[in-house]
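[1] Just a sequence and a predicted model for now, questions to come.
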Amino acid sequence: MRILYFHQHFSTPKGATGIRSYEMARKLTAQGHQVTMVCGSYSGGNTGLTMPFVNGQRRGTVDNIDIIEFEIDYANAQSLLKRTLVFAKFAYKSIKIALKHDYDLAFATTTPLTAALPGLAARWLKRKTFIFEVRDLWPELPKAMGVITNPLVLFAMSSLERLAYRSAHGHIGLSPGIVTGIKQHIAQDKNIALIPNGCDLDIFAQSLDEWQPEGINSDDFVAVFSGTHGQANGLHAIINAAEMTLKQAPQIKFLLVGQGKLKPELMRLANDKKLSNIIFLAPINKALLAKLFNRADVGLQVLANIPAFYHGTSPNKFFDYIAAGLPVINNYPGWLAEAITEHQCGIAVEPDNTPALVDALIKLSTQESLCKQMGKNARKLAKQQFSRQQLAQQFVDYIEQVHANND
């Protein structure tokens, strides 16, 4: 089967962002399918292509994946208007690819919601099988966050969302809440696959050297956050926790790894409050991140307190933490908090409760055996339920099934 795979933010493990599409594409090619990945240039990502762009595009093969990369830069720190224009430009160029190329199936994955547009072109203008993968519910999440408030824009996005869901032959949701959101728009007998983000055990569960960044002492208890520093991530909770623990539990050090729109503000706040227990690091590739996790003691899974997040997200960082055998402290309810509690692989605290977050950190930093046992439980959960290889096989099986039903 020849698959045209649209993912604007595609990256290989050489980058510092999620690699779901890379691993899924590799699984498809390993089972005899041809995959052409269409993507843009994502800040923090790395497509593996190194040749110069020609007329705004470059193309090559990386690990048996044919990659078409547009010279369209995107970063979380860009303004909303700039990002909107970037999304529109990627969608326009992707539609042209969908209309010109020869393939059997079009696969499009969010975000953004405009990722659906080339899939719609493939579905209605080329009569190809179209599968739509949803990583975040749009426009529900930006609306709940207050990022988009214009009623006309929200109406247009809701219309596109409904059209995409109803046009697709198959749907994949990355969390239970996302699957529920898709079901509200399509026939109840449609088979929607729930395939969450996964644990890259070949990267994070190997015996590796530790990497201890400058500023960390060997007897420090290290709490790490790895990911975007944006509005959705609610990282002011970590600033507040660091302020409380500075005198109360000085052995706790916070490592914030990544980039995003709010990073300069967070660094200024930490500096103004003289928080010597916070260290900010630039994004790093997966191999170095694995070594950092080997040194860390706990992973921080924090988000802004927005109910739409509770069951509607599938954050990469959570799966990287548990693959590395790190216990997780989580600060919002939902399906991941339930998994943490059920499998005793960390501590889930209620949102907007800094004292509870601090108590959880102190508990794990002072009870070494408990911390280690939770880390073992985390690794066990990673292997039993979220192995990337097992989930990738489910992904391939679903795509083959949908294509066979529509061939």
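    Received, thanks.

[2] so where is the protein shaky, pLDDT-wise?
    Regions of the chain meeting the criterion pLDDT under 70 cover residues 207.

[3] top helix in it by residue count?
    In the chain, taking DSSP state H as the definition, the longest helix is helix 80-100.

[4] Okay, buried residues for that helix please.
    83, 86-87, 89-91, 93-95, 97-98 (16 or more other CB atoms under 10 Å). The C-beta positions use only the backbone N, C-alpha and C, and glycine is treated the same way.

[5] again, but for stretch 136-152
    In stretch 136-152, counting by 16+ other CB under 10 Å, buried: 136-144, 148.

[6] how close does residue 319 get to residue 68?
    Per CB to CB, to the nearest Å, residue 319 is found 28 Å from residue 68.

[7] More neighbours: which of those two?
    Per other CB atoms under 10 Å, whichever of residue 319 and residue 68 has more neighbours is residue 319, with 26 against 21.

[8] In a helix, the more buried one, correct?
    Yes - counting by DSSP: H, G, I helix; E, B strand; the rest coil, residue 319 is part of a helix.

[9] Might one say that it is in contact with residue 199?
    Yes - the criterion here is CB atoms under 8 Å, and residue 319 meets it with residue 199 at 4.7 Å.

[10] okay, and the common contacts of the two?
    382, 386 (CB atoms under 8 Å, 6 or more residues apart in numbering).

[11] And the residue nearest the centre of the chain, how far from residue 20?
    In the chain, the C-alpha nearest the mean C-alpha coordinate belongs to residue 316, at 4.2 Å (CA atoms, centre = their mean). Using CB to CB, residue 316 is found at 8 Å from residue 20.

[12] Please apply the same query to residue 109.
    When residue 109 is compared with residue 20 (using CB to CB), they lie 8 Å apart.

[13] Of these two, which one has the most company?
    residue 20 (27 against 23).

[14] Skipping adjacent residues, who's closest to that one in space?
    Leaving aside its sequence neighbours, residue 20 sits nearest to residue 197 (CB to CB, 6 or more residues apart in numbering; 5.8 Å).

[15] element containing the residue of the chain positioned farthest from its centre?
    Ranking residues of the chain by C-alpha distance from their mean position (CA atoms, centre = their mean) puts residue 247 at the top, at 34.0 Å. Element membership for residue 247, per DSSP states H and E: helix 236-248.

[16] Flag every buried residue along that helix.
    237-246.

[17] how about the residue nearest to the centre of the chain, what does it touch?
    Residue 316 sits in contact with 17-18, 20, 197, 227, where contact means CB under 8 Å, 6+ apart.

[18] Which single one of those residues is nearest to residue 336?
    When the contacts of residue 316 are compared for distance to residue 336 (CB to CB), residue 197 comes out closest, at 10.6 Å.

[19] burial count for the closest one?
    By other CB under 10 Å, 23 other residues sit near residue 197.

[20] any idea how far residue 11 is from it?
    Distance from residue 197 to residue 11, by CB to CB: 14 Å.

[21] Give me the common contacts of these two.
    What both residue 197 and residue 11 touch, as defined by CB under 8 Å, 6+ apart, is the set residue 18.

[22] any chance you could map the helices in the stretch 251-400 of the chain?
    For the stretch 251-400 of the chain, the helices defined by DSSP state H, counting those that start in this stretch cover 263-272, 286-295, 307-310, 316-323, 335-343, 354-366, 368-385, 388-406.
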